[in-house]
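Colleague: Whatever this is, show me its structure:
(one chain, ligands or ions: 3)
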Amino acid sequence: MNDQQAILDALLESIRDAVVVVDGERSLVRVNKAFEVLTGHCTRALLDRGDAQADVAHELINRAMATSDGGRWNGAIRCADGNDQHFEITVSAVNGPGAFPSHYIGVVRPTDDKTALGDVRFGYDTLTGLPNRDIFQDRVEQSILLVNRSGASVALLMMGLDRFTLVNDALGHAAGDRLLVEVARRLRHCIRETDTAVRLEGDKFALVMVIADVDDSVIVAEKVLTAVKVPFAIDGQEVVITFSIGIAAYPLDSASGLQLVKNAENALHHAKVSGRNQYQFFSRDMNQKAKSRLELETRMRRALVNDEFAVYYQPKVRAGDDLIVGAEALVRWIDPERGLIGPGEFIPVAEETGLIEQIGTWVLRRSCEHNKAWQNDGLLPVKVSVNVSARQFRARTFVDTVSDVLECTGLDPRWLELEITESMLMSDIEAAVRKMNAVRALGIGLSIDDFGTGYSSLSYLGRFPITTLKIDRAFIADVDTNPKTAEIARAIIGLSRGLNLEVVAEGCEVVEHVRFLQEHGCDTVQGFYYSRPVPAEDFGRMLKGRVLSGKAV
Ligand code: C2E
Ligand code: MG
Ligand code: MG
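Modeller: Ligands and ions are numbered 1, 2, ... in the order given. Okay, the predicted model is just below:
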């Protein structure tokens with residue numbers, strides 16, 4: 001036992017609060033002496049798995065984790081003497097090396113608060129059932145502790161109904177209350193289980209969220225504004241209300257929980273005075289960023305309608321004889337004002353807003369149409385690869401969409417390949433494999449794009465029904481000069497051979513790259529050495545010539 005462990009043990013046994021620790025699977029790992037004193041249940045018996053008494057500890061943890069605000073529960077539990085006692089338990093997660101918490105720690109305290117029975121719970125607003133101010137501050141602090149470890153951010157959305165007093169005055173307080181209940185219900189629908197919606201007072205609400213990217217708070221703010229915009233039916237009357245929202249983020253613009261709350265309040269005030277029915281960030285940078293993001297989204301929607309997107313093609317070439325064997329379809333946006341915009345600039349926003357599904361389907365259809373047209377013209381038949389984003393792939397309708405496109409365009413499925421990335425597959429392996437199988441059943445190819453940059457869990461690779469691996473260009477860039485990169489590239493080529501997969505190298509810019517790959521058994525290459533992505537007509541011309549000579553050495 002090391003020093004730290006000994007200190008931890010002594011600490012656990014000396015504190016008055018009862019502590020329960022379970023692992024990620026919620027198996028009981030430890031309870032302290034205070035727990036025994038508090039509940040009367042013997043510690044050793046508790047740790048004997050399968051013992052009925054262990055249920056007490058489990059029940060407390062499970063109840064707390066099942067609450068809508070995930071982590072706090074207050075209620076009665078049967079003690080060893082047969083009497084029911086009131087406890088309050090607060091659970092916090094311990095982050096492990098993986099994506100999920102490795103342990104959960106529950107701190108149990110006795111409470112006199114008998115209101116815990118039934119629906120009325122400590123810390124909850126009796127009207128709407130949302131957590132109230134008592135819980136709010138604690139939740140803000142807890143979230144801050146959590147992100148200090150994980151590197152994520154806390155967003156606080158402070159929200160006030162605009163002109164709520166008008167509703168109260170016109171329809172009476174009972175109607176006002178019903179409106180608040182309905183607002184709370186809609187708010188709950190806008191957030192994830194891990195976020196907390198709070199009613200602070202009167203017509204003031206708050207959302208506490210742990211987010212990976214500050215942009216995520218914009219998405220939620222927009223969702224909230226849209227959700228409350230739908231008229232409410234109160235006592236047979238249609239009531240239209242709006243929200244003003246102030247947003248602050250920790251650690252971006254606030255250094256503490258207190259400051260976060262203050263800044264979000266300030267931002268809310270700013271939103272109210274600048275015209276209501278909108279959100280405002282505390283920091284000017286964020287306001288600017290949110291504004292340009294919104295503009296981009298609006299312009300993208302318009303671009304879809306105005307046909308401003310185009311598909312460019314980058315040839316894939318067989319290095320041995322320079323024959324074109326395929327192409328990757330790459331979307332471009334030709335904005336009448338700003339000119340050519342690359343996918344790196346708009347795909348991430350399209351992904352966040354959901355527009356990627358429309359754009360992706362459009363690219364897929366266009367690519368199949370082009371390919372079919374080239375074949376109808378008697379040109380060399382080639383396989384076209386289309387990139388699929390995470391959100392597209394996850395959509396329930398995805399396989400049907402692909403199948404529809406094939407049917408409508410009449411393209412033989414063997415001339416189509418979809419490119420997906422490793423990271424899209426790792427969150428739910430079973431579901432991903434099912435979907436990949438469904439795609440493969442249509443007769444089209446499946447390629448793992450940017451291979452080597454994602455999670456690279458080789459153990460799963462054998463389970464994925466894929467046909468191709470694409471070596472990321474990061475491993476090609478210095479393949480001819482850096483022995484380590486060369487070794488990785490060689491390993492990926494060997495791996496593909498072993499798994500009987502086709503292997504394509506992307507980002508081949510110079511003849512040395514091509515030579516290296518050819519020497520090591522990777523025949524199909526793609527990159528500026530042969531050609532940049534080009535418009536469809538240009539690629540049609542390349543197909544007519546069948547071979548590409550590559551840059552002069
Ligand atoms: P990707 O699928 O890995 O595409 C390859 C990217 O590498 C392309 O950038 C291509 O122009 C670039 N590239 C090709 N050869 C070379 C080379 O020799 N050197 C260098 N430095 N770069 C090279 P692009 O067209 O800007 O696309 C960027 C990313 O945007 C793509 O990466 C893909 O993830 C995404 N994307 C493009 N089109 C679509 C689309 O229709 N749908 C979706 N979901 N994503 C797309
Ligand atoms: Mg790709
Ligand atoms: Mg790639």
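Colleague: going forward, measure contacts and count neighbours with C-alpha atoms only.
Modeller: Fine.
Colleague: Would you map out the domains in this protein?
Modeller: Domain segmentation of the chain under automatic domain parsing yields 2-119, 133-282, 301-545.
Colleague: Output those in JSON lines, with mean pLDDT and mean neighbour count appended to each entry.
Modeller: JSON lines is the format used below for these (pLDDT from 0 to 100; neighbours: other C-alpha atoms under 10 Å):
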{"stretch": "domain 2-119", "mean pLDDT": "71", "mean neighbour count": "17"}
{"stretch": "domain 133-282", "mean pLDDT": "90", "mean neighbour count": "19"}
{"stretch": "domain 301-545", "mean pLDDT": "94", "mean neighbour count": "18"}
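Colleague: Minimum distance to ligand 1: which of these has it?
Modeller: With C-alpha to the nearest ligand atom as the measure, domain 301-545 is the member of the domains of the chain nearest ligand 1 (3.4 Å).
Colleague: Are that closest one and ligand 1 in contact anywhere?
Modeller: Yes - Domain 301-545 is in contact with ligand 1 by C-alpha under 6 Å from any ligand atom, via 330-331, 342-344, 360, 363, 387-389, 450, 506-509, 527-528, 533.
Colleague: Redo the domains of the chain as CSV? Include distance to Glu295.
Modeller: CSV is the format used below for these (distance: least, C-alpha to C-alpha, whole Å):
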stretch, distance to Glu295
domain 2-119, 34
domain 133-282, 13
domain 301-545, 10
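Colleague: The ones you listed: which one's closest to ligand 3?
Modeller: Proximity to ligand 3 (C-alpha to the ion) singles out domain 301-545 among the domains of the chain, at 4.3 Å.
Colleague: Briefly note if the closest one comes near ligand 3.
Modeller: Yes - contact of domain 301-545 with ligand 3 (C-alpha under 5 Å from the ion) involves 449-450.
Colleague: how far out from the middle of the chain is that domain?
Modeller: 22 Å (C-alpha atoms, centre = their mean, to the nearest Å).
Colleague: swap in stretch 183-198?
Modeller: The chain centroid and the centroid of stretch 183-198 are separated by 17 Å under C-alpha atoms, centre = their mean.
Colleague: Just the C-alpha atoms of that stretch, please, in CSV.
Modeller: Only the C-alpha atoms of stretch 183-198 are listed here, as CSV (Å, rounded to 0.1, in the frame of the first residue of the first chain):
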residue,chain,number,x,y,z
VAL,A,183,-41.9,26.4,-20.4
ALA,A,184,-40.1,24.1,-18.0
ARG,A,185,-41.3,21.0,-19.9
ARG,A,186,-40.1,22.4,-23.2
LEU,A,187,-36.7,23.3,-21.7
ARG,A,188,-36.2,19.8,-20.5
HIS,A,189,-36.6,18.7,-24.1
CYS,A,190,-33.9,21.0,-25.3
ILE,A,191,-31.1,19.5,-23.1
ARG,A,192,-29.2,16.3,-22.7
GLU,A,193,-29.6,14.1,-19.6
THR,A,194,-26.3,15.3,-18.3
ASP,A,195,-27.3,19.0,-18.4
THR,A,196,-29.3,20.7,-15.7
ALA,A,197,-32.2,23.0,-16.2
VAL,A,198,-33.0,25.1,-13.2
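Colleague: Give me the contact list for that stretch.
Modeller: Residues outside stretch 183-198 that contact it (C-alpha atoms under 8 Å, 6 or more residues apart in numbering): 68-70, 128, 130-133, 136, 139, 199, 205-210, 220, 223-224, 227-228.
Colleague: Tell me which of these fall in helices.
Modeller: Under the assignment DSSP state H, the contacts of stretch 183-198 contribute 133, 136, 139, 220, 223-224, 227-228 to helices.
Colleague: Switch the residues you listed over to JSON lines; also include distance to ligand 1.
Modeller: Listed next are the ones in helices among the contacts of stretch 183-198 as JSON lines, based on distance: C-alpha to the nearest ligand atom, whole Å:
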{"residue": "Arg133", "distance to ligand 1": "43"}
{"residue": "Phe136", "distance to ligand 1": "39"}
{"residue": "Arg139", "distance to ligand 1": "37"}
{"residue": "Val220", "distance to ligand 1": "23"}
{"residue": "Lys223", "distance to ligand 1": "23"}
{"residue": "Val224", "distance to ligand 1": "27"}
{"residue": "Ala227", "distance to ligand 1": "28"}
{"residue": "Val228", "distance to ligand 1": "32"}
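Colleague: wait, which of the residues you listed is closest to Glu308?
Modeller: The nearest member of those to Glu308, counting by C-alpha to C-alpha, is Lys223 at 27.2 Å.
Colleague: How about the contacts made by the residue nearest in space to the middle of the chain?
Modeller: For the chain, Ala212 is the residue whose C-alpha lies nearest the centre (C-alpha atoms, centre = their mean; 8.2 Å). When contacts are counted by C-alpha under 8 Å, 6+ apart, Ala212 touches 152-153.
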